[in-house]
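In: coords please:
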Amino acid sequence: MTKDGRPSRFNDIRYFHGLTKTYLNGCEEAVAFGKRLAWYLNGEDFSVGAHPALYMRFTSSLPVGTLQVTDQGDLWWHRFVDVHAPADFPNFANADAFVSERTVEMLCAIKPDQTELITRAAQIVSESGESLVFPVKRQKVKKGVVEVCFSIATWPLPSKLHISITDDASGGYREAPPLPLRLYHEAFDLAGSIKVSNSEITVSAKPSYTAELTSRDYGGPLTFPLGAFAPAPKPPTSQLVTRNG
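Out: Residues are numbered from 1 along each chain as shown. This is a model prediction of the structure:
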């Protein structure tokens, strides 16, 4: 995040019902789509300016077809986008698709020069769903690469932390059983460093007070026996994502 006005990587889309601070309920698939799309674009170094978040407000009080980016935001790090929605929103069959489509339209309107990237990202996110993973830490080891990623589930299912090893010679992919997360963005605190021994992989928290508190809630450094890593199909994966910057 860059409070001084420099561009920062995009990392969040939130949805509201009406011109208020009431979060949108009943469109959990669309909410998950928005989060996944934001983080996929983050990995592509996508930016909408200094503010890394956009808050979309859906209301029938606007003229039909309205989709307008405002300069309003309760805090510096987000801006509101006002969108027309039918009077019965979100109580119709394709409400999730309606929200997702307006989201893509909104991003293309803000960054028309990156329409191809946005539409390609939206297609990947739509096709991949919760199988899409977002790497937060990647480390080269003796014979391969260890990667720590998170996935974003559709509420109320838990998002997960994924630890994998990719072999340099064969390209073989192995993954330990994913760890359920309370909040997907806790992955950034948990994945500070990676240590590989002859018997296990240890993932330790970042060296900060907040990260240490988060790590304690998960029982301290995360340890994964090498025997727990089993061959698996490599999931669709974004580029490396970052919470700040």
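
In: now the most centrally placed residue in the chain: closest residue in space, sequence neighbours ignored.
Out: The centroid of the chain falls nearest to Trp39 when counting by Cα atoms, centre = their mean (3.6 Å). For Trp39, ignoring the flanking residues on the chain, the nearest one in space by Cβ to Cβ, 6 or more residues apart in numbering is Phe134 at 5.0 Å. C-beta here means a position set from N, CA and C on the backbone, and glycine is covered the same way.

In: tell me where this protein is predicted with low confidence.
Out: Applying pLDDT under 70 to the chain flags residues 1-5, 73-75, 245.

In: which residues of the chain fall in helices?
Out: If DSSP state H is used as the criterion, the helices of the chain fall at 28-43, 95-110, 115-128, 186-190, 209-217.

In: the residue nearest to the centre of the chain against Ser159, yeah?
Out: No. Between Trp39 and Ser159 there is no contact under Cβ atoms under 8 Å: 11.0 Å.

In: got a list of what Gly43 touches?
Out: Listed by Cβ atoms under 8 Å, 6 or more residues apart in numbering, the contact set of Gly43 reads 134-135, 238-241.

In: need phi/psi at the residue of the chain positioned farthest from its centre.
Out: Relative to the centre of the chain, the most outlying C-alpha is that of Asn198, 32.6 Å out, by Cα atoms, centre = their mean. Asn198 adopts backbone torsions of phi -70, psi -20, taken as degrees, to the nearest 10.

In: would you mind measuring from it to Pro225?
Out: Distance, Asn198 to Pro225, by Cβ to Cβ, to the nearest Å: 11 Å.

In: how about Thr70?
Out: On the measure of Cβ to Cβ, Thr70 and Pro225 end up 51 Å apart.

In: cool, and Pro90?
Out: Distance from Pro90 to Pro225, by Cβ to Cβ: 45 Å.

In: which residues are in contact with Thr22?
Out: Phe16.

In: can you give me the strands for this structure?
Out: 12-17, 53-59, 67-69, 78-84, 133-141, 144-151, 160-167, 173-175, 179-180, 193-196, 200-204, 222-225, 230-231 (DSSP state E).
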